[in-house]
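Participant: Here is my input, please return the structure:
(2 chains)
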Amino acid sequence: MNKNIERGRSIKLEAQTSKKMRNVFWRDRYLYLLFMPVLVYFIVFKYIPMIGNIIAFKDYKISLGILQSQWVGVQHFVRLFHNEEFLRIFWNTLSLSIYGIVFGFPIPIVLAILLNEVKMLNYKKIVQSILYIPYFVSWTILGGIIIAILSPSSGIINSMLIKLGVQPIFFMADSFWWRVVYVVSGIWKGAGWGTIIYLAAITGIDAELYEAARIDGANKFRQIIHITLPGLTMTIVVLLILNMGSVINLGFEQIYILQNDMVKNISEVFATYEYRLGIQKMQYSYTTALGLFKSVVSLILIVGTNLIANRLSDNEAGLW
Amino acid sequence: MINRRVSIGEQIFYVVNYVILALFAFVTIFPLLHILALSLSSSNEIISRNVFLLPKGFTTESYRNIINDGRIILGLKNTVVITVVGTFLNMAATIMCAYPLSKKRLAGRGIFMGLIVFTMLFSGGLIPSFILVKFFGIMDSYWALWLPGLISVYNMIVLRTFFMGIPESLEEAAQIDGANDIYILVRIILPLSLPGIATLSLFYAVGWWNEYFSNMIYITSTGKASMALILMQMVQTVSDSMMQSGEGALAQQKRIVAESVKAASFVVAVVPILCVYPFLQKYFVKGVMIGSIKG
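Facilitator: This next block holds a predicted model:
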């Protein structure tokens, strides 16, 4: 008898819950109406390609389509890892990313701190505005400008070198210089943007801390080290984590524009390799395997960095 | 502010600071000024390596070349189309995504957010997206650009934060008067969010203006090429021709003239962005602050 009552109750509860759900759905029907197309977008254009990665394990032929193409297991991955180019490309991608981060990461921070100390608001605004112009200029243009400036025959950098009595340097074709150009141009383009973010974070630091330090006799330098920098730690960590994600997904546009045949061996990275083999040479399955590898590594890097950040800071600093 | 003596050390610091910043600013803007100078200089002066910051042998020949050539103008026209329609689609979709997700009462909100944020961490990759576009038969059409890039999750989150900052009392008052969610969105929320919407639109627009990778892989007919694509091809041809050694004066001359035309093309491409720039400035520093602090 009790069991019947309980069953009766649970059925009633279920009916009530589903009725509640239907009511909620009806009440918010317009919200769902707005959201549905968006959901479709995410499923079609984001999640279906994720599933489409399955062709990394097949020998995809366009004529056969995805379902009919043959399974080949991990054959593509084996081929990928044994490819001698693979190691070189891996190393290129990694090293260029790391150079970019090591040299490029501190600069916006330094700039933000310096800018923050400027008393004349007009000066501050003007410098700020100039600094982040390059962020909005595309790599096609920036790359073209760089190539023009560094040209051995007509570029002004070489003109100045000649006036100083030095031989013109073919920057873009030299293994060493190309990397310098890459890192410096990356900084040039991105530093201003980072500066804004850090400036915003600095303004969030309590002004009273500075007053207290001044009363205690700390000079400007010590104030910066002991107040500003710690106050920026959270922001720095967040940006560092986000940067980790782009280490292996190193941007295509910058490399492609600056690249030329003579520096292929140090400048070819995963993104450009993917483009060449996948789109140009149509080796779809193979490049999808590469893409899958990239995405997984990227995911591991982000999650890993986030875990480390959490560990080191009592779960305060991480993104989740 | 408490009046205190500024020490010598601090005074030196300020001066050094100003100088360093001035240096950075100059280095940043110098290439752009140089290109402007190149575009307005005569080829003789360029060959003699005289052009530095100001044009020498002032001539508008390169610009006339561009207008006559027509390719750049065509690219400009295409880019405008891509940018305007693309931005409109972007904003509509982003609003349609951010608004429902900004309401705590939406059932399944957490799951949806999780699904969407996940796409920022893990993506399907280049080839599957490429095959998908082919599958839909939208190759060589601008839809191949607009659809895959419909919503930037980062922008959406910023907008959602904006929406969540609007007091609920406004919405409740309207609901009492019998307004439904869509009415509230259009008549109340959107007008209040104009700064945020303006900022994001400008971001999207600049993104489309400069976009060339998806153009490169999806657009095949030359009549539809965006300006970024055309510029890239120009840059590539010069880059390759520089590799060729042993040329006579004539070949050099041709290349130098091409340099000036290239420079003029760059100026044409950058000027619209610089025009939009003052408007960008007004809104986006605020937008970045919101995005970075709350994000």
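Participant: Correct me if wrong, but B:Lys104 is in a helix.
Facilitator: No. Counting by DSSP: H, G, I helix; E, B strand; the rest coil, B:Lys104 is not found in a helix; it is coil.
Participant: That one: neighbouring residues, count only.
Facilitator: 8 (other C-beta atoms under 10 Å in any protein chain shown). For the C-beta atoms, the positions are set from N, CA and C on the backbone; glycine is no exception.
Participant: Please report how far it lies from B:Ile197.
Facilitator: Relative to B:Ile197, B:Lys104 is positioned 22 Å away (C-beta to C-beta, to the nearest Å).
Participant: try B:Ile8
Facilitator: 50 Å.
Participant: swap in A:Ala201?
Facilitator: If you go by C-beta to C-beta, the gap between A:Ala201 and B:Ile197 works out to 25 Å.
Participant: These two - which one has more neighbours?
Facilitator: A:Ala201 (23 against 18).
Participant: Tell me the spatial nearest neighbour of the more buried one, not counting adjacent residues.
Facilitator: Nearest non-adjacent residue to A:Ala201, counting by C-beta to C-beta, 6 or more residues apart in numbering or on different chains: A:Thr235, 4.1 Å away.
Participant: ditto for B:Pro31
Facilitator: A:Ile145 (5.0 Å).
Participant: Stretch B:148-158 and chain A, any residue contact?
Facilitator: Yes. Interface with chain A: stretch B:148-158 contributes B:148, B:150-151 (C-beta under 8 Å from any C-beta of the partner chain).
Participant: Most neighbours among the residues you listed, which one?
Facilitator: Busiest of the residues of stretch B:148-158 next to chain A [other C-beta under 10 Å] is B:Ile151, holding 25 neighbours.
Participant: what about the nearest residue to it once chain neighbours are set aside, which SS state?
Facilitator: Leaving aside its sequence neighbours, B:Ile151 sits nearest to B:Ala93 (C-beta to C-beta, 6+ apart; 5.0 Å). In three-state terms, and counting by three-state DSSP, B:Ala93 is helix.
Participant: Counting neighbours, what do you get for B:Ala93?
Facilitator: Neighbourhood size, B:Ala93 [other C-beta under 10 Å]: 19.
Participant: Just the local confidence number for it, please.
Facilitator: You'll see B:Ala93 listed with a pLDDT of 92.
Participant: measure it to B:Tyr183 for me?
Facilitator: Taken as C-beta to C-beta, the span from B:Ala93 to B:Tyr183 is 20 Å.
Participant: The helix or strand containing A:Phe176: which residues count as buried?
Facilitator: According to DSSP states H and E, A:Phe176 maps onto helix A:175-203. Judged by neighbour count (16 or more other C-beta atoms under 10 Å in any protein chain shown), helix A:175-203 contains these buried residues: A:178-179, A:181-183, A:185-192, A:194-202.
Participant: Likewise for stretch A:158-174?
Facilitator: For stretch A:158-174, by 16+ other C-beta under 10 Å, it's A:158-159, A:169-173.
Participant: What residue, apart from its backbone neighbours, is nearest the residue nearest the centre of chain B spatially?
Facilitator: Nearest to the geometric centre of chain B sits B:Val206, at 2.3 Å (C-alpha atoms, centre = their mean). Spatial nearest neighbour of B:Val206, chain neighbours left out: A:Phe136 (5.2 Å); criterion: C-beta to C-beta, 6+ apart.
Participant: quick one: low-confidence parts of the stretch 101-250 of chain A?
Facilitator: When residues are selected by pLDDT under 70, those of the stretch 101-250 of chain A lie in A:154.
Participant: For the residue of the stretch 51-200 of chain B found nearest chain A, which residues are in contact?
Facilitator: Here the stretch 51-200 of chain B gets closest to chain A at one residue, B:Gly124, 2.5 Å apart by C-beta to the nearest C-beta. When contacts are counted by C-beta atoms under 8 Å, 6 or more residues apart in numbering or on different chains, B:Gly124 is found next to A:46-53, A:295.
Participant: coming back round to it: could you double-check that the residue nearest to A:Ala201 sits in contact with A:Ile196?
Facilitator: No. In this structure, A:Thr235 is not within contact of A:Ile196 by C-beta atoms under 8 Å, at 11.5 Å.
Participant: buried sites along stretch A:83-91?
Facilitator: Neighbour-count burial for stretch A:83-91 flags A:86, A:89-90 (criterion: 16+ other C-beta under 10 Å).
Participant: Can you check the pLDDT for B:Ile217?
Facilitator: Per the predicted model, pLDDT is 84 at B:Ile217.
Participant: May I ask you to confirm that it is in contact with A:Arg276?
Facilitator: No. Using C-beta under 8 Å, B:Ile217 is not in contact with A:Arg276; the gap is 11.6 Å.
Participant: Looking at those two, which one has more neighbours?
Facilitator: Ranked by neighbour count (other C-beta under 10 Å), B:Ile217 and A:Arg276 place B:Ile217 first, with 18 against 14.
Participant: The more buried one - nearest residue in space that isn't next to it in sequence?
Facilitator: A:Ile279 (5.2 Å).
Participant: got it, and A:Ile227?
Facilitator: A:Ile227 sits nearest to A:Leu209 (C-beta to C-beta, 6+ apart), 5.1 Å away.
Participant: was I right about that neighbour contacting A:Thr228?
Facilitator: No. Using C-beta under 8 Å, A:Leu209 is not in contact with A:Thr228; the gap is 9.3 Å.
Participant: Tell me which of these two has more neighbours.
Facilitator: A:Thr228 (20 against 15).
Participant: How about the contacts made by the more buried one?
Facilitator: A:113, A:116, A:202, A:205.
Participant: which SS state does the last one fall under?
Facilitator: So the one you mean is A:Ile205. Assignment for A:Ile205 (three-state DSSP): coil.
Participant: so how many other residues sit close to the closest residue to it other than its chain neighbours?
Facilitator: Nearest residue to A:Ile205, sequence neighbours excluded (C-beta to C-beta, 6+ apart): A:Gly231, at 3.9 Å. Residues lying near A:Gly231 (other C-beta under 10 Å) number 15.
Participant: What helix or strand is A:Gly231 located in?
Facilitator: Per DSSP H and E: helix A:229-248 holds A:Gly231.
Participant: Identify all contacting residues around that helix.
Facilitator: A:93-94, A:97-98, A:101, A:105, A:109, A:194, A:197-198, A:201-202, A:204-205, A:209, A:270, A:294, A:297-298, A:301-302, A:304-306, A:309, A:313, A:316-319, B:121, B:292.
Participant: wait, doesn't B:Leu150 sit right on B:Asn90?
Facilitator: Yes. Taking contacts as C-beta under 8 Å, B:Leu150 lies within contact range of B:Asn90: 6.6 Å.
Participant: between those two, what contacts are shared?
Facilitator: With C-beta under 8 Å, 6+ apart, B:Leu150 and B:Asn90 have no common neighbours.
Participant: Does the residue of chain A found nearest chain B belong to a helix, a strand or coil?
Facilitator: As assessed by C-beta to the nearest C-beta, chain B sits closest to A:Pro49 within chain A, at 2.5 Å. Look at A:Pro49: counting by three-state DSSP, its state is helix.
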